[in-house]
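sequence below, structure please.
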Amino acid sequence: MKLSKPLRYALFGLLYFTQGTILSYFTALNALYLLERGLTMTNVGIFSSIALIPFVIKILFGLLSDRVSPFGLGHRKPYIFIGLTVQMICLIIAPFIDPKNAYWGFVALAFVLQMGMALYDTCTDGLALDTTPEGEKGTIQGFMVGGRAVGVIVTASLVGLLAERSSWQAVFWVLAGLTLLPLPLLFSAREPAQTVDRNFDWKAFKAFKKAPVLALAGVGFLFFLIVVGANQLVNPFLQKRFGIELSTAGLFTTVWGIGVVLGGAVGGFLIDKVGRRNGVRIAMLISVAGVLALAGIPALGWAWPIVALFGIAYGTYQTVYFALAMAYTEPRIAASMFSILMAVTNVGQGVGLALGGLLADRIDYPPTFIIFAAMNLLAVPLLPIVFEKVARKATRHRRAVA
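Here you go, the predicted structure:
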């Protein structure tokens, strides 16, 4: 890539920033928009389920990107351009389709938008895998996780205010404008030629038979189950215990997002400077502390720093796992393998959301947070398997020195 290191980091941060803006809209604002237009929560649920399908099938985008270079222009950049363009066009069109009178048309538009987003998300990961040196993988994932969190913060606060003070058309068009932010740097970036060792090969999928890769997938499943399952409970817990208003809940989300940005930096430092094995251990300790602290919030004033701490735990876990997944990805199927590892984390998120809601109803919020914190222990037996190759190398080195 022609870009300097800071600009390369900025490119990946901006690509994930645009993803964060759409993620925030679908998780925080879309239900409000549809309800305001006269639809029901059943309609919202159907809409959300269908709109998420592209992220379930994103492995297909990974295979396409790994195998096909459109007109010889590259395996990543052309697809990122296409994905961003699709997202922008859908956002421009969105205000002209009335969800009440053309519900399935709006669902179809959202599905296409999410297809575009899933495409450039998958290929951004592939580009990062292709261009990031070993010693920078933690840092680049820190910028990605942080960029997405900033996108969530901006959309949850500024765009939400725009919907309240101006119009939903302005919201969609601002989101379309934000989609354009990565394009100048993307135009300047040079995608490296695919070397022989990176040529697509179906045999490379045998990597999923290796114990360290399977153990890594298990760790990702648990990490995301814990932090996502706990995260959905934060505002409902604060509302139940302290009676916070919706506006205050929005501020807590912003504080959490700032924590995630800081967690991205912490996770990047742990992987690149402290080392993978010890970095994961420290990330687990931060996770236990952050989730346990939620269970013991004594007063509303204490909730602000504790929610920020939990945000740091959330961002650290994401960054550490993503960086590990990059390190274990087979270059010949880079985007495909990484998307599969991400799909496992998506399953973990789904389990965590369901489990968290069930436990909160049955045993209340504080015991649920304690259970989620304790579930970190389930990952401990997997870590020696994840790092068994590293352990073997260290043993051989000690024997050679002796």
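
report the central residue of the protein.
Residue closest to the mean C-alpha point of the chain, counted by C-alpha atoms, centre = their mean, is residue 145 at 6.5 Å.

and the helix or strand where that one lies, what does it pack onto?
When elements are assigned from DSSP states H and E, residue 145 belongs to helix 137-154. Counting contacts by 3 or more C-beta pairs under 8 Å, 6 or more residues apart in numbering; DSSP states H and E, helix 137-154 is packed against helix 5-24, helix 103-131, helix 246-269, helix 300-328. In this view, the C-beta of every residue, glycine as well, is placed from N, C-alpha and C.

a markdown table for those, including mean neighbour count and distance to residue 39?
Shown next, in a markdown table, are the helices and strands packed on helix 137-154 (neighbours: other C-beta atoms under 10 Å; distance: least, C-beta to C-beta, whole Å):
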| stretch | mean neighbour count | distance to residue 39 |
| --- | --- | --- |
| helix 5-24 | 22 | 20 |
| helix 103-131 | 22 | 7 |
| helix 246-269 | 21 | 20 |
| helix 300-328 | 23 | 31 |
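
format those as a markdown table; extra columns: distance to residue 378 and mean pLDDT.
Formatted as a markdown table, those follow (distance: least, C-beta to C-beta, whole Å; pLDDT from 0 to 100):
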| stretch | distance to residue 378 | mean pLDDT |
| --- | --- | --- |
| helix 5-24 | 27 | 85 |
| helix 103-131 | 26 | 87 |
| helix 246-269 | 20 | 83 |
| helix 300-328 | 14 | 92 |
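
just put those helices in JSON lines and tack on distance to residue 182.
Shown next, in JSON lines, are these (distance: least, C-beta to C-beta, whole Å):
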{"stretch": "helix 5-24", "distance to residue 182": "4"}
{"stretch": "helix 103-131", "distance to residue 182": "9"}
{"stretch": "helix 246-269", "distance to residue 182": "17"}
{"stretch": "helix 300-328", "distance to residue 182": "18"}
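
can you tell which of these is closest to residue 44?
Smallest distance to residue 44 across those (C-beta to C-beta): 10.8 Å, for helix 103-131.

just checking, what packs against that closest one?
Using 3+ C-beta pairs under 8 Å, 6+ apart, helix 103-131 sits against helix 5-24, helix 41-51, helix 53-56, helix 58-67, helix 77-93, helix 137-154, helix 334-363.

what's in contact with the shortest one?
Counting by C-beta atoms under 8 Å, 6 or more residues apart in numbering, the neighbours of helix 53-56 from elsewhere in the structure are 111, 114, 115, 117, 118, 119, 121, 343, 346.

quick one: contacts for the residue nearest to the centre of the chain?
Per C-beta under 8 Å, 6+ apart, neighbours of residue 145: 16, 260, 261, 263, 264, 267, 315, 318, 319, 322.

ok, so of these, who is nearest residue 292?
The closest of the contacts of residue 145, once distances to residue 292 are taken by C-beta to C-beta, is residue 263, at 16.4 Å.

wait, what's in contact with that closest one?
145, 286, 311, 312, 313, 314, 315, 316, 317, 318, 319.

sorry, back to before: of the helices and strands packed on helix 137-154, which is nearest residue 231?
helix 300-328 (6.3 Å).

so which elements touch the closest one?
Packed on helix 300-328, when contacts are counted by 3+ C-beta pairs under 8 Å, 6+ apart, are helix 137-154, helix 211-231, helix 234-242, helix 246-269, helix 276-295, helix 334-363.

packing partners for the last one?
Contact here means 3+ C-beta pairs under 8 Å, 6+ apart; on that basis helix 334-363 packs against helix 53-56, helix 58-67, helix 103-131, helix 211-231, helix 300-328, helix 365-374.

any chance of CSV for the ones you listed, columns distance to residue 163?
Output for those, formatted as CSV (distance: least, C-beta to C-beta, whole Å):
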stretch, distance to residue 163
helix 53-56, 25
helix 58-67, 29
helix 103-131, 17
helix 211-231, 23
helix 300-328, 24
helix 365-374, 29
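
those helices: which one's closest to residue 155?
helix 103-131 (13.6 Å).

in JSON lines, list the helices and strands packed on helix 103-131 along with distance to residue 185.
Formatted as JSON lines, the helices and strands packed on helix 103-131 follow (distance: least, C-beta to C-beta, whole Å):
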{"stretch": "helix 5-24", "distance to residue 185": "4"}
{"stretch": "helix 41-51", "distance to residue 185": "28"}
{"stretch": "helix 53-56", "distance to residue 185": "24"}
{"stretch": "helix 58-67", "distance to residue 185": "19"}
{"stretch": "helix 77-93", "distance to residue 185": "11"}
{"stretch": "helix 137-154", "distance to residue 185": "12"}
{"stretch": "helix 334-363", "distance to residue 185": "20"}
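
quick one: which of those helices is nearest residue 388?
Across those, the minimum distance to residue 388, taken as C-beta to C-beta, is reached by helix 334-363, at 17.7 Å.

that older thread, so which of the contacts of helix 53-56 is the closest to residue 368?
The closest of the contacts of helix 53-56, once distances to residue 368 are taken by C-beta to C-beta, is residue 346, at 21.3 Å.

contact partners for the closest one?
Neighbours of residue 346 in contact, by C-beta under 8 Å, 6+ apart: 55, 56, 224.

out of these, which are buried?
Buried subset of these (neighbour count, 16 or more other C-beta atoms under 10 Å): 55, 224.

low-confidence bits of the stretch 51-200 of the chain, can you list those?
Along the stretch 51-200 of the chain, the model assigns pLDDT under 70 to residues 160, 193-200.

one step back: after the helix holding residue 145, heading C-terminal, what element do we hit next?
Immediately after helix 137-154, counting by DSSP H and E, sits helix 160-165.

mind checking what helix or strand follows that following helix in sequence?
helix 168-179.

let's see that following helix as CSV, backbone CA atoms only.
Provided in CSV are the C-alpha atoms of helix 168-179 (Å, rounded to 0.1, in the frame of the first residue of the first chain):
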residue,chain,number,x,y,z
TRP,A,168,-35.5,11.2,9.2
GLN,A,169,-34.6,12.1,5.6
ALA,A,170,-31.7,14.2,7.1
VAL,A,171,-30.7,11.1,9.2
PHE,A,172,-30.5,8.8,6.2
TRP,A,173,-28.6,11.3,4.1
VAL,A,174,-26.1,12.1,6.8
LEU,A,175,-25.5,8.4,7.1
ALA,A,176,-25.0,8.3,3.4
GLY,A,177,-22.5,11.1,3.6
LEU,A,178,-20.6,9.4,6.4
THR,A,179,-20.3,6.4,4.2
